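1. give me coordinates for this.
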Amino acid sequence: MEPSYRPGDWLLVRRIRPGRGAAVRPGAVVIARHPARPTLLLIKRATRLGPAGWWLAADNPAAGAADSSTFGAVPPGLLEGVVLARYWPLRRSGPRL
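-> Residues are numbered from 1 along each chain as shown. Prediction:
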């Protein structure tokens, strides 16, 4: 499976206010902070909400992407926003496919 997002893509994101984790629904693509490296932002699909937080899955696990299978559930406080749309600049950098 190809990655859903590529370098150079721009995202329209609705920020999640603290304590408002209910804005996330299973299947939504979210921006979250890595539990062990909080300065690292991740783009993942929220699959389910458990007692410890959200289970986040990579759309392309075969590429070796880190997700909840490696770092566990992500507490709601580490979710930054929900992706509403993907778009790209008029002049996209990088190789053309």
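2. so where's the chain shaky on pLDDT?
-> Residue ranges of the chain with pLDDT under 70: 1-3, 19-22, 90-97.
3. mind listing the helices for it?
-> According to DSSP state H, the chain carries its helices in the segments 68-71.
4. need the strands for it, in chain order.
-> For the chain, the strands defined by DSSP state E cover 10-15, 29-33, 41-50, 53-57, 79-87.
5. mind putting those into CSV with mean neighbour count and distance to S4?
-> Any C-beta I mention is one placed from the backbone N, CA and C, and that applies to glycine too. Formatted as CSV, the strands of the chain follow (neighbours: other C-beta atoms under 10 Å; distance: least, C-beta to C-beta, whole Å):
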stretch, mean neighbour count, distance to S4
strand 10-15, 13, 11
strand 29-33, 21, 7
strand 41-50, 17, 8
strand 53-57, 21, 11
strand 79-87, 15, 8
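6. and of these, who's closest to S68?
-> Each of the strands of the chain has some distance to S68 by C-beta to C-beta; the shortest is strand 53-57, at 4.6 Å.
7. strand 41-50 and that closest one, what's the angle between them?
-> Relative orientation of strand 53-57 versus strand 41-50 (axes from the mean of the first three to the mean of the last three C-alpha atoms, to 10 degrees): 120 degrees.
8. now for strand 53-57, which elements pack on it?
-> strand 29-33, strand 41-50, helix 68-71 (3 or more C-beta pairs under 8 Å, 6 or more residues apart in numbering; DSSP states H and E).
9. closest one to P7 among those?
-> Once the helices and strands packed on strand 53-57 are compared by C-beta to C-beta, strand 41-50 is nearest, at 11.4 Å.
10. how far out from the middle of the chain is the closest one?
-> Strand 41-50 sits 6 Å away from the centroid of its parent chain (C-alpha atoms, centre = their mean, to the nearest Å).
11. name the helices or strands packed onto it?
-> Using 3+ C-beta pairs under 8 Å, 6+ apart: strand 41-50 touches strand 29-33, strand 53-57, strand 79-87.
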